[in-house]
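**Q** Any chance you could fold what I've pasted below:
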Amino acid sequence: MPLLSAEQKLEKRIVSRFNKAIYDYHLIENDDKILVGLSGGKDSLCLVELLGRRQKIKSPSFTVEALHIRMENIKYESDVSYLQDFCESRGILFHLVTTSFEYSPTDKKPACFLCSWNRRKQLFLKAQELGCNKIALGHHSDDIIHTTMMNLFFQGSFSTMPVRLKMRKMPLTIIRPLCLEQESDLQEYTVNKNYKKQVKLCPYETSTYRNDMRKLFQQIEQMSEEARYSVWKALEKENKLIEE
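**A** Purely as a prediction, here's the structure:
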């Protein structure tokens, strides 16, 4: 048997973690209709590809569609034709919604919150319009851990973005099938696959603490190689990864 190349080993590791997340956290079931939130970044593109592959296996049997949301007042030069071709070549129907939000420096809520809230609103509306019962988002383990740190340090709460979250006011469940993936692996994978990078020029992207948490966690991992797994184990122990 020939030895696997570094690229093949990486792909095998990513697919294995993806399948493990689906089974361990019961993210996908028969007859699910899933809407993917497709930003156009590496994580959401990878999520579309992995769900497109998994959809063909028929066990469990489910369907996938994708939604890209363009915000009129945010300079985000997404190549819609590329995103549509990417989805449809993988057997996934592509949808596009254009919207906007109002923001003033005097607002109590930061611009990033308002933008995110409006994008999420459009996702919920489109999912219900299409008859979807689940929304898949491209957050990976680094995102989940960084959110945990932000909530702990700035909100005094040990909580995070759940891997599976059942909405209480609407018949939708949010799932994060990339939850076990590491950002560094996804970055390398998308380079190997030659994904086209979208141009993002958001005037508010430096106004959050997420980049600071990324740098801080990198330092922590240099101190302890087990830090990632320790945080994850604590989240599982406290049942913070699944909310019914």
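**Q** Now do the SS call for the most centrally placed residue in the chain.
**A** Closest residue to the average C-alpha location of the chain: Gly138 at 1.4 Å, with C-alpha atoms, centre = their mean. Secondary structure state of Gly138, per DSSP: H, G, I helix; E, B strand; the rest coil, is coil.
**Q** so who does it touch?
**A** 36-37, 39, 41, 43-44, 46-47, 176, 178 (C-beta atoms under 8 Å, 6 or more residues apart in numbering). (C-beta placed from N, C-alpha, C; glycine too.)
**Q** could those be laid out in CSV, adding distance to Gln84?
**A** Below are the contacts of Gly138 laid out as CSV (distance: C-beta to C-beta, whole Å):
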residue, distance to Gln84
Val36, 13
Gly37, 15
Ser39, 14
Gly41, 16
Asp43, 18
Ser44, 14
Cys46, 17
Leu47, 16
Arg176, 24
Leu178, 22
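**Q** between these, which is nearest Lys237?
**A** Arg176 (18.8 Å; C-beta to C-beta).
**Q** Quick one: residues contacting the nearest residue to the closest one once chain neighbours are set aside.
**A** Computed as C-beta to C-beta, 6 or more residues apart in numbering, the closest residue to Arg176 that is not its neighbour in sequence is His139, at 4.8 Å. The neighbours of His139, taking C-beta under 8 Å, 6+ apart as the test, are 43, 161, 176, 178-179.
**Q** Which of those fall in helices?
**A** Secondary-structure check on those using DSSP state H: residues within helices are Asp43.
**Q** Need the max-distance pair from the contacts of His139.
**A** Asp43 and Met161 (12.9 Å).
**Q** in its sheet, what does the strand of greatest length in the chain sit against?
**A** Scanning the chain for the longest strand, with DSSP state E as the assignment, gives strand 62-71. Each strand paired with strand 62-71, and its direction, by DSSP bridges: strand 32-37 (parallel), strand 93-99 (parallel).
**Q** circling back to that earlier point, ok, the contacts of His139 vs Leu10, which is closest?
**A** Within the contacts of His139, proximity to Leu10 (C-beta to C-beta) peaks at Leu178, which comes in at 14.4 Å.
**Q** got the phi/psi numbers for Leu235?
**A** Its backbone dihedrals place Leu235 at phi -70, psi -40, with angles given as degrees, to the nearest 10.
**Q** Grab the nearest non-local neighbour of it.
**A** Closest residue to Leu235 apart from its sequence neighbours, by C-beta to C-beta, 6+ apart: Leu241 at 5.3 Å.
**Q** repeat for Ile145
**A** The spatially closest residue to Ile145, leaving aside those adjacent along the chain, is Val231, at 5.2 Å (C-beta to C-beta, 6+ apart).
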